[in-house]
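Chemist: need a 3D model of the following:
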Amino acid sequence: MAAVLWSVSWPLSDTDVWQHLAVGRTIWTLHAFPTRQLWTWPNYGAEDVNASWGFRALIWPLWSAFGVAGLFAWRWATTLAAFAMLWLAARRMGAKGFAPLVVAAWCALIYRHRSQIRPETLVAVLFAAEIWILENWTNGGKDRRWQLVPIALIWANAHISYWLGLALQGIYLVAGARSGSPKGVAARRPALVILLASALVSFVNPWGWKALWQPFDYYLHWRHEPIFRSIGELQPVDWGYHARNGLLPLVILWPVLWLWRALRFGADWVEALLLALLYALALPSQRFTGLLALGALPFVSRDLDAFVRSRPWVIRKPASPWLRGALTAALVIAISLPEWTRPEMGFGIRLDPRVIPTAACDFMEAHSVRGRGYNPFSAGGYMIYRFWPDRTRLPFMDIHQSGSREDRTLYATAQHDSAAWRALDAKYTFDYALILTHQYPGERLLDFVSADSATWALVFTDDVAALFVRRAGPLADVAGEFAYHLLPAGIVPVAMLDRCAADSLLRRRLEAELERAIAGSPWNGRARLLIAPLYMMDGRLADAHATLDRAIADNPYMFHLRAARGEVELAERRYADAEADFRRERALSGPSAYLDQAIERSRAGPGR
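Modeler: Numbers count the residues shown, from 1 in each chain. Model prediction:
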């Protein structure tokens, strides 16, 4: 359990949490669940069907009372509850040895990627509870199946995945009939009644059938839209990303163990159907990998435990249980270390500020930036949390990609097509545009807006977001006072640095803009990376080194920072330090001819 808790104790980096909190706050403020769009300005007042209201109403009081500690308490409590019930289910199914503990720790490594503060964390508990209730009864325990009905009611008011609970009941119903056992046949009628009651009670939600239709509407229509095809978590499993957590071995092992058990003891059709369902969900859409890990836990635990016990080399009594426990603990730590040491998901009980446009919204608030704004949907949740109910600063799009099909298509296409951006801007005539400064491969929107300097003025930029305002219109005064004239929002062209080397006046002007950007946000490693070579041109090596030290301390995983510091250290004749930085850069960002040459230059320094 300590390993399970450690696996989910990494900084919260999901931006969706802000809209969950904002809606929860609204529910508690208005003492009602909003059924109309209150969150985006183009769709304000339209019907808003969102089945996650129950989760949001639960999470807001924790945040309001305890802040970050409350969010982590929710994360730990829901994770422990889900894993404890699944472990108890595995024991009821016959897994009495130490194998289930290893499997639980293993599955937690996969689940951790889905352990952000989202409705899925509550779903994990509901899903685990259903498996525990059904397996407990199947294996001779107390019959608590009536509890599936209130679980269905909670699920339908917490997340659109409610249908999975009904599907799970259906699997046990079908598999029980398939088994032909007297208990399975006798249980068909009450199980069917409970399933029907669970389905009916799911309609008890603020939107009735419309909320229940959403997952099917997504499958039939929404998933084909460009915006949803561009969302990473909705894409097929990225096996490279999951290389450290053991997802691929689990996916291979589970059906192998099922087959072994079927040949030795007879087929478990519940396991077969659940395996098929979870693979059909998780492999095409990695959003469900956490659910796959949860579903696998009790069955893989039971099957692996049975397999291990069937081997002649298994340690048996009178071997000390303390020895077996110590070996189990060592194995748990050994399989967990690769994932625990993942650079971008290190231990931390905090919010990751590098994904929240806090400073950009500070600028908006301080300088009355409002009106018809554009924003990426990932930033919409924080804007709602920060500015609601001020309708003049609501986002263009929220975390649910609210809006018409046309708007969603233009939005998605505009990320790589300037014509689509111009069409979207022509439709709405945006007063400002808040754009994330980190662009994924193929995304060019930041470059499109930056290049149109006749229309847009960059007035704020940091490592999270860039804020542009329209030069003509209600924000013309803001553009006139705060526009950057040299600093681009994207990558600074090498030619500009070459010009700065030859023109000290230009260099001073760019330095002044970079220093203003650094002063405007605590998260400006990019500006520090850019200003360091300008300091070096002036012979200010100590200043260049200090600003890079600060940038690395703030964001130790940002590319190019250590390479830039290595160049400063070469100029300072600190050859050993320079080589160490170049090697760290290569370990972080990958090998390159430049880094290989830089290492050779540092090794060729005098006295080495």
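
Chemist: check which helix or strand covers the nearest residue to Ser418 once chain neighbours are set aside.
Modeler: With C-beta to C-beta, 6 or more residues apart in numbering as the criterion, Ser418 has its nearest non-adjacent residue at 4.6 Å, and that residue is Phe448. In short, each C-beta sits where N, CA and C put it, glycine included. Here Phe448, judged by DSSP states H and E, is contained in helix 445-451.

Chemist: could I have that helix exported to PDB, CA atoms only?
Modeler: Taking C-alpha atoms only, helix 445-451 is exported to PDB below (Å, rounded to 0.1, in the frame of the first residue of the first chain):
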ATOM      1  CA  LEU A 445      -0.700  28.800 -34.400                       C
ATOM      2  CA  LEU A 446       1.800  30.700 -32.200                       C
ATOM      3  CA  ASP A 447       3.900  31.400 -35.300                       C
ATOM      4  CA  PHE A 448       0.800  32.500 -37.300                       C
ATOM      5  CA  VAL A 449      -0.300  35.000 -34.800                       C
ATOM      6  CA  SER A 450       3.300  36.300 -34.100                       C
ATOM      7  CA  ALA A 451       3.800  36.800 -37.900                       C
END
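
Chemist: tell me what the helix or strand following that helix is packed against?
Modeler: Once the chain leaves helix 445-451, the next helix or strand it forms, by DSSP H and E, is strand 456-461. Counting contacts by 3 or more C-beta pairs under 8 Å, 6 or more residues apart in numbering; DSSP states H and E, strand 456-461 packs against helix 358-366, helix 445-451, strand 465-470, helix 476-482.

Chemist: what residues sit buried inside the last one?
Modeler: Of the residues in helix 476-482, Val478, Ala479, Phe482 count as buried by neighbour count, 16 or more other C-beta atoms under 10 Å.

Chemist: thought Trp6 was touching Phe347?
Modeler: Yes: with contacts counted by C-beta atoms under 8 Å, Trp6 reaches Phe347, the gap being 7.0 Å.

Chemist: the two - which one has more neighbours?
Modeler: A count of neighbours by other C-beta atoms under 10 Å puts Trp6 above the other of Trp6 and Phe347, at 16 against 11.

Chemist: what's near enough to touch the more buried one?
Modeler: Ser336, Trp340, Phe347 (C-beta atoms under 8 Å, 6 or more residues apart in numbering).

Chemist: thinking again about what came up before, and for Trp6 and Phe347, which residues touch both?
Modeler: Counting by C-beta under 8 Å, 6+ apart, the contacts common to Trp6 and Phe347 are Trp340.

Chemist: which of the buried residues of helix 476-482 sits closest to Arg584?
Modeler: Proximity of the buried residues of helix 476-482 to Arg584 (C-beta to C-beta) peaks at Phe482, which lies at 36.5 Å.

Chemist: mind listing what the closest one touches?
Modeler: Contact partners of Phe482, counting by C-beta under 8 Å, 6+ apart, are His367, Ala457, Val459, Phe460.

Chemist: so which of those is the most crowded?
Modeler: Neighbour count (other C-beta under 10 Å) singles out Phe460 as the most crowded of the contacts of Phe482, with 28 neighbours.
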